[in-house]
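In: Starting from these lines, generate the structure:
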Amino acid sequence: MLADQLDFVIGVDTHRDEHTLALVQARSGGLVSEAAIAASRPGYAQALAFAEGCAPGRRAWAIEGSGSYGAGLARFLNERGERVLEVARAKREPRRSRRKSDALDALAAARSLLGQTKLARPRAGGSREALRALVTTREGAIAARRAALNQLRALLVTCPEPLRTKLRTLTPARLLGRCARLRAAQRTDTELAATTLALRACARRALAASAEERELTHAIHALVRSWAPQLLAEAGVGPITAAQLLISWSHRGRFHSEAAFARHGGSAPVPASSGQVVRHRLDRGGDRQLNRALHTIAISRRKTDPRTIAYLERRTRQGKSVREALRCLKRYLARHLFRLLETMPAHT
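Out: Numbers count the residues shown, from 1 in each chain. This is a model prediction of the structure:
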C-alpha cells in the first residue's frame, strides 16, 4: 500500500479562489497540520513551503479536481518534482447530520489515498491541454452551427409567402448563402421585416460557426501531426479521433496497462451471462468521448480496411452478432492504440 512508501500525505480540497490543505501521517493517518492558500501562483509557492516545513521526507499530494480547480496547483508541484496523485471527490451521504467543511474534505482526500493500490496521476498539460481546448471549442462551434440551422429551418415553416416558396427547396449550403444576403423588407409589413432579419441573423451565425470550426480543425490537425504522426497513419484514424485519443491517454504512465486504458474508454468486456448463455457486453461507463473515438475508428475500418473486414467475418462465423463482433474489435483497437501511444516520444 501507499502508506508503506510515504511519511506524509497532503490532501487538498480545491476551489476556484482558495484551496484547503490537510497534512496527515502516512502510517497512522493522524492529522498533523492544516492550511489554506490562495488559488494563485504565490499561493502554490506557499503550499510547497508548508509541505517542506511540516512534511520533510517522503511525501505525496492527494488533490481533488486536478483537472479543473486543482490543475494549476498540480502543474506547479509537478514542475518541482513533487509526487502528485489524483483522488475522487468523496461521495456525499444522504444524511443531514453528516459534517461538511473544506478542512474535512481535505483530510478525507489525504486518508483516501493511503489505502489505495492503483494510483491515478493527474492528466498532463502542454500539448494535451492545448488539444483539449481546441477540441472543446470546436464542439461548441458545431453545436452553435447546429442550433442556428435548426432555428433557421423552424423559421422557414411559418415564413410569410412568397419568401417561404423561394427558400424551402434550397440545399442547406445554398440556403445559408441566400439567407445571409437577405435585405430588410419594407417597414409596412412588420412580420416579413422581422422574419427576414431573423433568417439573416441565423444564417450568418451558422456561417460564422462553420468558419470557426474549420479554423479549429486545421489547428487540431497541425498539432496532432507534430505530436503523433504515427496515429494519423493508422487506418480509420483522422485528426479529430487522434486528438481525442491523445487527450484521454494524456501521457505515458497514466494507465498501468492496456486493460486499464480499455476500461477507461468503456471498451472492456463486461460479463452478461445467464443460465447456459455465456456472453459479454460493452461497458456503458468510462470516458464516453474516448469510446466514441474508438467506435468511429471501428466503423471506418469496417468499411475500408481488409484486415478488419476479415476479422469481423471470422467473428460472425463463430456465432457472434455484429454488435458483439464490434465490441471485440473496439477492445482490440484499445489494446493496439494504447501500445502505439506508449511508444511515442515525449512531447511538451
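In: I'd guess I10 is in a strand, am I close?
Out: Yes - when the secondary structure is assigned by DSSP: H, G, I helix; E, B strand; the rest coil, I10 falls within a strand.
In: what sits against it?
Out: 21-24, 47, 51, 55, 59-62, 110 (Cβ atoms under 8 Å, 6 or more residues apart in numbering). From N, CA and C alone the C-beta is placed, and that goes for glycine too.
In: Farthest-apart pair in the residues you listed, please.
Out: By the measure Cβ to Cβ, V24 and A47 form the most distant pair in these, at 15.2 Å.
In: Which per-residue confidence value corresponds to P172?
Out: P172 carries a pLDDT value of 89.
In: quick one: contacts for it?
Out: P172 is in contact with L149, counting by Cβ under 8 Å, 6+ apart.
In: Use 2 as the first number for this chain going forward.
Out: That works, and once the first residue is 2, the last one we named lands at P173.
In: tell me the phi and psi of it?
Out: Backbone geometry at P173, expressed as degrees, to the nearest 10, gives phi -50, psi -40.
In: Same question for L246.
Out: For L246, the backbone dihedrals (degrees, to the nearest 10) come out as phi -60, psi -40.
In: so where is the stretch 52-201 of the chain shaky, pLDDT-wise?
Out: Scanning the stretch 52-201 of the chain with the threshold set as pLDDT under 70 gives 91-100, 118-119, 121, 125, 186-189.
In: Quick one: the strands in it, in order.
Out: The residue ranges that make up the strands of the stretch 52-201 of the chain, judged by DSSP state E, counting those that start in this stretch, are 60-65, 85-88.
In: any chance of the ones you listed in TSV, plus distance to W228 and mean neighbour count?
Out: Below are the strands of the stretch 52-201 of the chain laid out as TSV (distance: least, Cβ to Cβ, whole Å; neighbours: other Cβ atoms under 10 Å):
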stretch	distance to W228	mean neighbour count
strand 60-65	26	25
strand 85-88	23	21
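In: Now render those as TSV, adding distance to T137.
Out: Written out in TSV, the entries for the strands of the stretch 52-201 of the chain read as follows (distance: least, Cβ to Cβ, whole Å):
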stretch	distance to T137
strand 60-65	21
strand 85-88	20
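In: give the contact list for V323.
Out: Taking Cβ under 8 Å, 6+ apart as the test, what V323 contacts is 313, 317.
In: Pop the domain breakdown of this protein in here.
Out: By the record's domain assignment, the chain is partitioned as 3-115, 128-228, 231-343 (automatic domain parsing).
In: Can you name the residues in contact with stretch 256-275?
Out: Counting by Cβ under 8 Å, 6+ apart, stretch 256-275 makes contact with 119, 249-250, 280-289, 291-292, 295, 328, 331-332, 334-336, 339-340, all of which sit outside it.
In: Could you pick out the buried ones from those residues?
Out: 249-250, 281, 283-284, 287-288, 291-292, 295, 328, 331-332, 334-336, 339 (16 or more other Cβ atoms under 10 Å).
In: Give me the subset of those residues lying in strands.
Out: Here DSSP state E is the test, and these give 281, 283 as lying in strands.
In: In helices only, show me the buried ones among the contacts of stretch 256-275.
Out: 249-250, 291-292, 295, 328, 331-332, 334-336, 339 (DSSP state H).
In: now these as a markdown table including distance to L193?
Out: Rendered in a markdown table, the data for these read as follows (distance: Cβ to Cβ, whole Å):
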| residue | distance to L193 |
| --- | --- |
| S249 | 50 |
| W250 | 54 |
| L291 | 49 |
| N292 | 48 |
| L295 | 50 |
| R328 | 55 |
| K331 | 53 |
| R332 | 58 |
| L334 | 54 |
| A335 | 56 |
| R336 | 61 |
| F339 | 59 |
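In: Select, out of the strands of the stretch 52-201 of the chain, the one closest to L176.
Out: Between L176 and the strands of the stretch 52-201 of the chain, the shortest gap by Cβ to Cβ is with strand 85-88, which sits at 47.5 Å.
In: and the two most separated of the ones in helices among the buried ones among the contacts of stretch 256-275?
Out: Taking Cβ to Cβ as the measure, these reach their widest spread between W250 and R328, a distance of 20.8 Å.
In: Which helix or strand contains the residue nearest to R112 when sequence neighbours are not counted?
Out: Spatial nearest neighbour of R112, chain neighbours left out: G30 (5.2 Å); criterion: Cβ to Cβ, 6 or more residues apart in numbering. For G30, there is no enclosing helix or strand under DSSP states H and E.
In: wait, isn't G30 in contact with S113?
Out: No - using Cβ atoms under 8 Å, G30 is not in contact with S113, being 10.2 Å away.
In: Give me the more crowded residue out of the two.
Out: Set side by side, G30 and S113 give different neighbour counts by other Cβ atoms under 10 Å, the larger being at S113 (17 against 14).
In: measure that one to P346 for me?
Out: When Cβ to Cβ, to the nearest Å is applied, the distance between S113 and P346 equals 35 Å.
In: Kindly report the same for R253.
Out: To P346, R253 is 10 Å away according to Cβ to Cβ.
In: burial count for R129?
Out: Neighbours of R129 (other Cβ under 10 Å): 21.
In: make that D106, sorry
Out: 20.
In: With that, I have no additional questions.
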